[in-house]
Each structure stands twice: as structure tokens, then as C-alpha cells.
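Undergrad: Build me a structure from this.
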Amino acid sequence: MKLLVKEVDLDFLSTEYENIEFYTLCSDDRLSFITCIVCICKNLQDVIENWRTIQNMVAVYYQHSGGFDAWNMYLAFICNEKIPIWDKYEIENNKFSARKIVLDEFQERPTIEQLIRELEKQLLGSDLKLASQSHQLEESLPNLENYYRGAPLESNSKSRDKRASMINKIIESLNNNEN
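TA: Residues are numbered from 1 along each chain as shown. Predicted structure coming up:
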């Protein structure tokens, strides 16, 4: 899956925020639709002072109220300056209307291609490499039935302790065979 620049009318934002550039990126996969509105800010004050009103305007004028696209909406705030950690935390942990990403501390203004690569890492995990280990896992995992067979079903404390012990053994076995 890739993110592609999509021509979308964002005049409702660009007329209100002349110092901020706006782009829309969309995934090329119809089944897992992702939309990301990229906000390239000239300085950290533009980010800190405007992120809430931008999210509100996106919620009112752009975002659909139902379906998967409502859940797969992102706002990415881009800034060359370092955003204070508390402000970055507050922005990224605010889940109203869209999930938010703050990318800061660029040496120079990033191109849209650079932003697409970085956002593909953040949103799609494009930098992750998966190694197939399905056969190893089947061989190394003991049969779980051995752990839960004979589990006591009573509600007394001795039975609860026995079940907790059984669960701990299963978790320990899974942790040992995780990789």
C-alpha cells in the first residue's frame, strides 16, 4: 500500500491559514482507506496556536461522519523547528475527529515526496520487515492443551490460584517462543 497525493479542495483551510500549506494524501487501497491532511507550518507557533481549530474545521467541512474513512483520518503537522515535548504529546494524544502526527526538527523544508516516505513509515509501517517463521512457531510451541487440560472450574481460591498458575505458564511459554 502507498500514499498518493490527492487533489482535494482545501480552500476552507488555506484561506483561513495563509502561512500553512495543506496537502491531502490518500492510500491507494480501496479496502483500507486512509486519508491524511498534511499541514506544513512555517514555525512552531503556527502548529501550537492552530492545531485545534484546524482539526475542528476538518471535522466540520471535510470529514465524513460514518464508515471507515471517518476512523482512518489523520492530520500531520510538519515543522522545521522542534516542538516542545508537552505540546507534541498533547497534539498526538488528542483523538477528536482524527489521529494526529507531529513531525518536527527538519533541517530544511521537506518535499512532499520526503513527507510521503516518512508518513508511509508512520502510518503504514513501510520500514518494517517481516520474516516468515510459521513453521518454526508450530514446531517450537508446545501443545497448549497440555496447559489447560484439567483446569479446575470451581470459584474457590484454590481453583483460582491453579488457573492463574496455568495462565502464567502459557504466557511464559508464548514469551519464550515469541521470536
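Undergrad: Would you state the strands of this structure in chain order?
TA: 3-5, 20-27, 35-41, 73-78, 99-103 (DSSP state E).
Undergrad: of the ones you listed, which approaches Y62 most closely?
TA: strand 35-41 (7.4 Å; Cβ to Cβ). All C-beta spots, glycine's among them, are computed from the backbone N, C-alpha and C.
Undergrad: hang on, the earlier thing: the strands of the chain: which one's closest to R163?
TA: strand 99-103 (37.7 Å).
Undergrad: what does stretch 59-79 contact?
TA: 8, 10, 12, 27, 32-41, 43-44, 46-47, 51, 54-55, 58, 83, 91, 96-104, 106, 110, 115, 119, 122-123 (Cβ atoms under 8 Å, 6 or more residues apart in numbering).
Undergrad: Just the buried ones from these?
TA: Neighbour-count burial (16 or more other Cβ atoms under 10 Å) applied to these gives 10, 27, 34-41, 44, 46-47, 51, 54-55, 58, 83, 91, 97-104, 110, 115, 119, 123.
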